[in-house]
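From the sequence below, what's the structure:
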Amino acid sequence: MKSVIAEGVAVIVRAGIYASTPAALADDDLVVSGPGGDGRAAFVTHDDIADVITAVALDEGPRSAHDGATLEVTGPEALTLEEMVARIASATGRPYRYVPETVEEAFARRWRLGINGVQIESWISWYQAIASGELSAVTDVVPRITGSAATPVERAGWWPTPKTAW
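This next block holds a predicted model:
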């Protein structure tokens, strides 16, 4: 979550789930594994988040139309992890794929990799939020604030190296 403060009035810019996150969570074989089920998330690009923050910060006048607002920034559609990872594969030309896991399988696999319990719980909660639909809402914040449509995830400006979110 980012805050933009101009003339003493805060605007909260709350990003949905970053479009780059699944690519960063992929393993060396480009597999993204987790208990995301069939839930959906409105993945948002970093560029769209930056454009919203810039537009709000540059809004002129004694009072901004956004004063005191909480802006929920999302991508243009809600995708399952399988759909999202397929789009990453298409955009990068690399064979990323999603493999669903149960919560127990996800915890055990990460524990065997030597990852600490707090980090594992953090990752699993991210997947569980997707599975439960908590991240599926699509908002109009990007087009309403920037005047441009939200970027489809396959047109994201960059993709992180796998295992960079480990």
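
what's in contact with stretch 78-89?
Among residues not part of stretch 78-89, those counted as contacts by Cβ atoms under 8 Å, 6 or more residues apart in numbering are 19, 22-23, 30, 32, 34, 36, 38-43, 94-98, 100, 127, 130, 135-138, 152-154, 159. C-beta coordinates here come from the backbone N, C-alpha and C atoms, glycine included.

Leaving out chain neighbours, which residue sits closest to residue 157?
Once flanking residues are discounted, residue 157 sits nearest to residue 47: 5.1 Å by Cβ to Cβ, 6 or more residues apart in numbering.

Might one say that residue 28 is in contact with residue 161?
No - with contact taken as Cβ atoms under 8 Å, residue 28 and residue 161 are classed as non-touching, separated by 10.4 Å.

one step back: gap between the residue nearest to residue 157 and residue 102?
With distances taken as Cβ to Cβ, to the nearest Å, residue 47 is found 35 Å from residue 102.

and what of residue 163?
Between residue 163 and residue 102 the computed distance is 22 Å (Cβ to Cβ).

try residue 164
Note on residue 164: its distance to residue 102, by Cβ to Cβ, is 25 Å.

buried sites along stretch 113-126?
Within stretch 113-126, the residues that qualify as buried are 120, 123, 124, 126, counting by 16 or more other Cβ atoms under 10 Å.

where exactly do the strands run in the chain?
Remark: strands of the chain, listed N- to C-terminal, are 2-6, 9-15, 31-34, 70-73, 97-100; assignment by DSSP state E.

need those strands in JSON lines with distance to residue 53, mean neighbour count and mean pLDDT, can you?
Listed next are the strands of the chain as JSON lines, based on distance: least, Cβ to Cβ, whole Å; neighbours: other Cβ atoms under 10 Å; pLDDT from 0 to 100:
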{"stretch": "strand 2-6", "distance to residue 53": "6", "mean neighbour count": "15", "mean pLDDT": "53"}
{"stretch": "strand 9-15", "distance to residue 53": "5", "mean neighbour count": "17", "mean pLDDT": "83"}
{"stretch": "strand 31-34", "distance to residue 53": "28", "mean neighbour count": "21", "mean pLDDT": "96"}
{"stretch": "strand 70-73", "distance to residue 53": "9", "mean neighbour count": "19", "mean pLDDT": "94"}
{"stretch": "strand 97-100", "distance to residue 53": "30", "mean neighbour count": "17", "mean pLDDT": "97"}
